[in-house]
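Colleague: Generate a structure from the sequence data that follows.
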Amino acid sequence: MGYPLGITSLKNNYPIAKSGYLASLPGEEFEINAPVVNRKNERVNARIEGKMLAIDRLIVGGNSGGPVVLPIEIKVRRDPKTKQVEFAFE
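Modeller: Sure, this is the predicted structure:
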């Protein structure tokens, strides 16, 4: 979700949202080795490991922040006592 290349909706200025696919099970352990440049401007291999959620989708400049993962169905209601909006996921 974001404003890739500064593109926005002309009517409401909402961010652009695209769909993707979950490419792993939630909480699956991964290990990624990637070449990076450190603060001394040296190329080193970085190792990232831990429980992650892999998502398969196109990302372009401007899609800032983390992914937004939503369930298939979202139910919304306003609590009659508190008047707060509540969400239920299935």
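Colleague: okay, CA-based contacts and neighbour counts for the rest of this
Modeller: Will do.
Colleague: Which residue ranges of the protein form helices?
Modeller: Ranges of helices within the chain: none, based on DSSP state H.
Colleague: any chance you could map the strands in this structure?
Modeller: According to DSSP state E, the chain carries its strands in the segments 21-22, 28-37, 43-52, 55-56, 74-78, 85-89.
Colleague: Direction included, what does the fifth one pair against?
Modeller: Strand 74-78 pairs in its sheet with strand 85-89 (antiparallel), by DSSP bridges.
Colleague: Just the C-alpha atoms of the strand it pairs with, please, in PDB.
Modeller: Written as PDB, here are the backbone C-alpha positions of strand 85-89 (Å, rounded to 0.1, in the frame of the first residue of the first chain):
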ATOM      1  CA  VAL A  85     -16.500   0.900  15.500                       C
ATOM      2  CA  GLU A  86     -15.600  -2.800  16.000                       C
ATOM      3  CA  PHE A  87     -14.200  -5.300  13.500                       C
ATOM      4  CA  ALA A  88     -14.600  -9.000  13.400                       C
ATOM      5  CA  PHE A  89     -12.500 -11.200  11.100                       C
END
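Colleague: what's the least confident stretch among the strands of the chain?
Modeller: Of all the strands of the chain, the minimum mean pLDDT falls on strand 85-89 (a mean of 75).
Colleague: Go ahead and name everything in contact with it.
Modeller: Here strand 85-89 makes contact (CA atoms under 8 Å, 6 or more residues apart in numbering) with 71, 73, 74, 75, 76, 77, 78, 79.
Colleague: if we go to 6 Å?
Modeller: Strand 85-89 is touched from outside by 74, 75, 76, 77, 78, with contacts defined as CA atoms under 6 Å, 6 or more residues apart in numbering.
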